[in-house]
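only geometry, no sequence info:
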Ligand SMILES: NC(=O)c1ccc[n+]([C@@H]2O[C@H](COP(=O)([O-])OP(=O)(O)OC[C@H]3O[C@@H](n4cnc5c(N)ncnc54)[C@H](OP(=O)(O)O)[C@@H]3O)[C@@H](O)[C@H]2O)c1
């Protein structure tokens with residue numbers, strides 16, 4: 001295992017972190033963790049050098065934290081740094097912050113959390129919780145010893161990200177990054193910005209939630225050009241380990257094979273170790289994926305809220321995923337949930353409100369019809 005420095009105290013964290021959001025489950029129910037398998041996987045990872053465990057209040061329908069608390073018995077808690085996150089969207093008062101943190105300590109069966117994050121900040125949630133004095137709460141929780149280091153995870157535009165970075169003496173942040181998302185949300189620019197401002201950086205969705213692990217024949221042909229044989233997941237992880245600005249790459253591993261492979265990959269993940277030819281191959285794969293994009297929606301959400309509730313960027317993402325990553329079944333299942341919530345493309349009344357707002361000048365009304373044709377059963 002490779003280790004990198006983390007926070008201003010130069011803690012040594014494993015470059016691979018265990019994300020506890022996609023643990024093995026039973027009966028196809030994300031709320032029912034297969035505890036035997038997941039315990040074996042997490043303890044194997046710790047026994048083989050992983051010392052960063054990431055969970056959050058809502059993962060596995062609220063059961064991930066309690067489960068992690070159990071896994072870390074028998075001396076494992078002392079071997080790891082534990083990260084969890086405040087579910088900011090559920091909080092309505094200062095007292096809620098305190099209540100959730102105490103509940104999380106209880107669930108995790110621990111007296112302190114090493115790395116505490118404000119979960120999934122967006123412009124709106126950030127503004128809401130600032131009003132409720134969340135920064136004072138973080139200071140107080142630190143002073144009381146309930147949390148050691150403060151950070152935030154992020155899902156919004158880069159300018160919002162920079163604003164948050166500049167608003168508080170954070171120890172670290174967690175951003176979505178993989179070779180397909182270089183320019184998405186915080187992106188590579190955000191990574192460098194945070195690092196320059198003294199924050200350590202943790203990466204989530206390094207394999208794009210698994211989408212980059214399955215190579216089509218066309219993509220596999222490109223990987224095969226390399227004399228070094230790597231699986232598509234290894235390529236995705238190695239691309240990230242190449243950045244010295246990154247401290248931890250979280251992977252949400254769902255089988256023991258993933259754990260074994262990702263530990264091996266992390267052991268070779270030295271900064272700046274990829275050769276130019278290897279980086280060129282990754283760029284080539286990125287280009288091919290990008291050429292398959294059906295709708296050039298950047299997910300900026302300027303089109304929202306739709307007066308009739310259509311989830312426009314979500315629909316375009318599902319539509320693109322079918323063609324880019326071949327996730328037809330998965331996209332259709334998620335689209336079915338949008339239909340149930342009456343947020344699907346059929347709700348469009350063609351008012352054109354969105355088209356006037358789209359910075360990409362997309363023909364949204366017609367594209368929604370195309371997406372609906374592709375995603376409906
Ligand atoms: N704070 C936030 O807002 C936020 C948001 C997202 C994630 N996170 C955290 O970040 C962690 C990492 O994100 P992620 O779970 O999306 O990570 P990821 O590594 O991009 O995706 C995990 C998925 O990739 C596939 N995978 C992983 N290793 C593989 C391997 N060696 N070979 C083949 N497939 C492999 C598996 O998919 P299959 O099971 O389909 O094969 C696995 O479920 C999460 O677990 C969570 O802790 C935080």
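Sure, I can see it. Nothing here was measured: the structure is a model prediction, and the numbers come from that model.

ok, how many other residues are close to the residue nearest to residue 57 when sequence neighbours are not counted?
Sequence neighbours aside, residue 87 is the residue nearest to residue 57 in space, at 4.1 Å (criterion: C-beta to C-beta, 6 or more residues apart in numbering). For glycine as for every other residue, the C-beta is placed from the backbone atoms N, C-alpha and C. For residue 87, the count of nearby residues is 18 (other C-beta atoms under 10 Å).

how about the secondary structure of the residue in the stretch 51-200 of the chain positioned nearest to the ligand?
Nearest residue of the stretch 51-200 of the chain to the ligand (C-beta to the nearest ligand atom) works out as residue 153 at 3.2 Å. Under DSSP: H, G, I helix; E, B strand; the rest coil, the three-state class of residue 153 is strand.

what's it in contact with, if anything?
Shown in contact with residue 153 (C-beta atoms under 8 Å, 6 or more residues apart in numbering): 85, 117, 118, 119, 120, 121, 173, 174, 175, 204.

go again using 7 Å as the cut-off
Applying C-beta atoms under 7 Å, 6 or more residues apart in numbering, we find residue 153 in contact with 85, 117, 119, 120, 121, 174, 204.

and the furthest pair within the residues you listed?
Farthest pair in the contacts of residue 153 (C-beta to C-beta) is 121 and 204. Separation: 13.0 Å.

follow-up on the earlier one: so of the contacts of residue 153, which ones are in helices?
In helices, judged by DSSP state H, none of those are found.

just the buried ones out of those residues, please.
Burial by neighbour count, judged by 16 or more other C-beta atoms under 10 Å, picks out 85, 117, 119, 120, 121, 174, 204 from the contacts of residue 153.

ok, the last one to the ligand distance?
So the one you mean is residue 204. Using C-beta to the nearest ligand atom, to the nearest Å, we find residue 204 at a distance of 3 Å from the ligand.

right, and that residue touches residue 176 too?
Yes - if you go by C-beta atoms under 7 Å, residue 204 and residue 176 touch, sitting 5.4 Å apart.

next, format the buried ones among the contacts of residue 153 as a markdown table and append distance to residue 38 and pLDDT.
Listed next are the buried ones among the contacts of residue 153 as a markdown table, based on distance: C-beta to C-beta, whole Å; pLDDT from 0 to 100:
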| residue | distance to residue 38 | pLDDT |
| --- | --- | --- |
| 85 | 19 | 98 |
| 117 | 22 | 98 |
| 119 | 21 | 96 |
| 120 | 23 | 93 |
| 121 | 28 | 93 |
| 174 | 21 | 98 |
| 204 | 19 | 95 |
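
among those residues, which one lies nearest to residue 324?
Of all those, residue 324 sits closest to residue 204, with 19.7 Å by C-beta to C-beta.

for that closest one, what are its contacts?
If you count contacts by C-beta under 7 Å, 6+ apart, residue 204 has them with 19, 153, 174, 176, 250.

now do whichever residue of the stretch 201-350 of the chain sits closest to the ligand, the pLDDT please.
Residue nearest to the ligand within the stretch 201-350 of the chain: residue 252 (2.1 Å; C-beta to the nearest ligand atom). Here the pLDDT value assigned to residue 252 is 94.

not counting residues beside it along the chain, what's closest to it?
That would be residue 22: by C-beta to C-beta, 6+ apart, it lies 3.5 Å from residue 252.

and residue 183, by the same measure?
residue 189 (7.7 Å).

how many neighbours does residue 218 have?
Neighbour count for residue 218, taken as other C-beta under 10 Å: 11.

tell me the contacts of it?
By C-beta under 7 Å, 6+ apart, the residues touching residue 218 are residue 288.

10 Å instead, please
Neighbour list for residue 218: 285, 288, 289, 292 [criterion: C-beta atoms under 10 Å, 6 or more residues apart in numbering].

repeat that for residue 210.
For residue 210, the contact set (C-beta under 10 Å, 6+ apart) comprises 22, 233, 236, 251, 252, 254, 258, 325, 327, 330.

and it, what's its pLDDT?
Looking at residue 210, its pLDDT stands at 89.

which phi and psi does it have?
With angles defined as degrees, to the nearest 10, residue 210 sits at phi 110, psi -10.

could you do residue 338 as well?
Backbone torsions of residue 338, given as degrees, to the nearest 10, read phi -70, psi -40.

go through stretch 42-59 and flag the buried ones.
Neighbour-count burial for stretch 42-59 flags 42-43, 45-46, 48-59 (criterion: 16+ other C-beta under 10 Å).

same check, this time on stretch 161-175
Across stretch 161-175, burial judged by 16+ other C-beta under 10 Å covers 161, 162, 164, 165, 168, 170, 171, 172, 173, 174, 175.

returning to that earlier point: now do the residue nearest to residue 57 against residue 97, distance only.
With the distance defined as C-beta to C-beta, to the nearest Å, residue 87 ends up 10 Å from residue 97.

excluding chain neighbours, what is closest to the residue of the stretch 51-200 of the chain closest to the ligand?
The shortest distance from residue 153 to any residue other than its chain neighbours is 3.9 Å, reached at residue 174 (C-beta to C-beta, 6+ apart).

the one you found reaches residue 52, doesn't it?
No - under the criterion of C-beta atoms under 10 Å, residue 174 lies out of contact with residue 52, with a separation of 11.0 Å.

okay, and the common contacts of those two?
Residues touching both residue 174 and residue 52 comprise 17, 83, 115, 202, 248, 250, with contact defined as C-beta under 10 Å, 6+ apart.

would you turn the residues you listed into TSV with secondary structure?
Formatted as TSV, the shared contacts of residue 174 and residue 52 follow (three-state DSSP):
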residue	secondary structure
17	strand
83	strand
115	strand
202	strand
248	strand
250	strand
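
cool, thanks, signing off.
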